[in-house]
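Asks: the following block contains a protein sequence and its predicted model.
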Amino acid sequence: MNNQLRIFIVSLLALGLFSCKKTLDVEPTNQVNANNSIKTPADAQIMINGIVRSMSNADYYGRNFLLYGDAKGGDMTVPQQGRGNDALYTFNHSASNNSYSTYWSQIYFTLLQVNNLLQNIEQLEAGGATGFNSYKGQALTLRAIMYFDLVRLYGKSYDVDKNAYGVPNITIPLKSTEQPLRNTVADNYNQILSDLKAAAPLLAKTKSNGFVNYYGNLAMQARVYLYMKDYPNALKAAEEIITSNVYTLYTNAAWVDSWKTQYGSESIFEIGVYPLEGDLGAGSIGAYHRKKGDGGSSILGWFIASDYFLTRLKEDAADVRWGVMNDDEISTTAKPRKGALYKYSGSISLAGDGKATNTAVNIKLIRLSEIYLIAAEAALPADALKAATYLNAIRKRAPNLPAATAATVTIDMILDERSKELFGEGQRFFDMIRLNRSITFNDEIIGISVATRPKTIDRTFYKTLLPISQAEINANPGIQAQQNPQY
């Protein structure tokens with residue numbers, strides 16, 4: 001592809017050192033030249049282990065991708081500038097400075113592994129080999145997840161201009177000399193749906209801790225169709241998960257403790273993080289959300305809840321979701337403020353989720369709560385009563401709020417519930433952009449002046465898309481003509 005992909009290949013060869021901890025004594029097979037190493041389904045499983053491990057990297061779901069969706073969405077703010085990643089909050093991006101090109105490089109690095117695995121499975125199956133269906137289905141679903149994330153970072157919303165530039169669709173391992181250009185947003189979404197639909201019948205309809213299964217695939221279909229505003233298909237996918245009864249919602253009494261539990265009853269796709277494998281310590285997503293100094297001097301309190309989010313949560317003092325909030329660094333005795341989030345610390349007492357460190361906490365990538373909220377939003381245009389019913393299943397986590405009815409349910413109620421339920425899970429910015437809502441930032445909380453974005457933005461603001469980095473342009477000059485507008 002280009003010089004960046006050459007770096008990915010070198011990194012990929014090194015990844016064999018970091019495959020699943022349970023397979024460290026097995027000859028690594030998650031390497032770019034796997035023609036001689038992937039021979040059996042067991043080899044394919046090791047490749048899947050390495051792919052999922054790569055997804056927990058700090059530049060992807062381990063931290064920065066989740067931060068992207070929260071720092072930019074208005075529900076979080078910074079208690080002080082300059083601690084790290086506040087360029088996300090201030091939208092201080094250019095092609096050569098704070099381009100956050102590691103999203104691009106890390107996800108394409110992981111896609112390289114996926115494409116290599118899929119190509120090798122295809123070759124083995126052509127020779128008569130069997131037993132690879134699950135691994136093929138997982139790889140196709142993970143590829144869809146990665147392209148969905150990429151096109152949301154770099155491409156316009158599907159309903160704005162699906163013919164605008166998205167990201168390069170790469171579905172086979174490329175030679176290092178190739179320099180692919182950007183496909184359209186429509187091309188990306190077509191590829192995403194094609195992969196998901198091809199994968200679904202290959203996947204198990206049982207829980208699969210740490211790996212994607214049939215219902216994880218359906219959950220991604222529901223997400224993708226929601227972003228496309230294809231509400232009937234979003235609802236169909238969401239309802240199949242709900243009615244399967246494979247997963248169940250937490251009771252109010254169990255919700256807070258669910259965060260210190262691995263692979264709970266709501267967890268549809270959860271990525272494992274272990275003390276010696278993927279634990280980012282003070283650089284973990286959990287540490288970034290804590291109060292400054294809680295757990296060590298290197299815990300800096302990078303992000304806190306905005307006043308806007310706390311006002312939403314304060315609608316009910318008995319809302320169970322207060323149980324993962326704690327005093328932040330600007331809280332005082334006279335004016336207490338529970339703006340520090342402890343979901344990814346396990347609890348406000350830093351319980352973790354049962355491992356040796358409280359920063360090696362699994363990433364709950366898709367939860368049943370979100371599926372109910374997708375069902376509510378997707379049902380709303382055609383069936384307000386159904387929308388209210390699905391919304392109330394989550395809204396009751398604030399027990400003193402009146403239940404929604406067919407007469408009162410609105411998209412704003414659903415969006416507010418998504419904010420409260422999914423806070424810290426990387427979704428708020430993308431929700432606001434896909435629904436064409438204005439985002440207002442709580443800059444005044446510490447009196448900062450931000451020169452790189454207005455206080456209020458909407459999706460017409462050019463920096464709601466990331467730039468193609470100058471390093472990528474240097475390595476692949478043809479893509480410069482496809483740079484996102486105004487960069």
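Replies: Perfect, I can see it now.

Asks: ok, Lys260 - contacts?
Replies: 346-347, 351-354 (C-beta atoms under 8 Å, 6 or more residues apart in numbering). For the C-beta atoms, the positions are set from N, CA and C on the backbone; glycine is no exception.

Asks: which residue ranges of this protein form strands?
Replies: When secondary structure is read from DSSP state E, the chain shows strands at 76-77, 267-271, 304-305, 325-326, 340-341, 363-367, 439-440, 456-457.

Asks: can I assume Tyr158 is in contact with Tyr189?
Replies: Yes. Because the distance of 6.0 Å satisfies C-beta atoms under 8 Å, Tyr158 is recorded as touching Tyr189.

Asks: which residues are in contact with both of the two?
Replies: Overlap between the neighbourhoods of Tyr158 and Tyr189 consists of Met228, taking contacts as C-beta under 8 Å, 6+ apart.

Asks: ok so, going back, now, the most widely separated pair of the contacts of Lys260?
Replies: Spanning the widest gap among the contacts of Lys260 are Ser347 and Gly354, at 11.4 Å by C-beta to C-beta.

Asks: the more surrounded of these two?
Replies: Comparing Ser347 with Gly354 by neighbour count (other C-beta atoms under 10 Å), the higher total belongs to Ser347, at 18 against 12.

Asks: in space, what's closest to Glu240 - neighbours in sequence excluded?
Replies: Closest residue in space to Glu240, ignoring its immediate chain neighbours: Leu218 at 5.7 Å, by C-beta to C-beta, 6 or more residues apart in numbering.

Asks: got the contact list for the one you found?
Replies: Counting by C-beta under 8 Å, 6+ apart, the residues that Leu218 touches are 200, 237-238, 240-241.

Asks: select only the buried ones of those residues in ChimeraX?
Replies: For anyone working in ChimeraX, the buried entries among those, judged by 16 or more other C-beta atoms under 10 Å, can be selected with:
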select :200,237,238,240,241
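
Asks: just send the contacts of Leu218 back as TSV, with distance to Pro336 too.
Replies: As requested, the contacts of Leu218 are arranged in TSV below (distance: C-beta to C-beta, whole Å):
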residue	distance to Pro336
Ala200	48
Ala237	42
Ala238	38
Glu240	44
Ile241	39
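
Asks: what about stretch 467-484, how long is it end to end?
Replies: End-to-end distance of stretch 467-484 (C-alpha to C-alpha, to the nearest Å): 6 Å.

Asks: which residues sit against it?
Replies: By C-beta under 8 Å, 6+ apart, the list of residues contacting stretch 467-484 reads 1-4, 93-96, 99, 101, 104, 154, 165, 179-182, 462, 465-466, 487.

Asks: just the buried members of these?
Replies: Applying 16+ other C-beta under 10 Å to the contacts of stretch 467-484 flags 1-2, 4, 93, 95, 99, 101, 104, 154, 165, 179-180, 182, 465-466, 487 as buried.

Asks: nearest to Met413, of those residues?
Replies: Within the buried ones among the contacts of stretch 467-484, distances to Met413 taken as C-beta to C-beta reach their minimum at Leu465, with 28.7 Å.

Asks: got a pLDDT number for the closest residue to that closest one other than its chain neighbours?
Replies: Once flanking residues are discounted, Leu465 sits nearest to Asn484: 4.8 Å by C-beta to C-beta, 6+ apart. Confidence per residue is given as pLDDT, and for Asn484 that number is 98.
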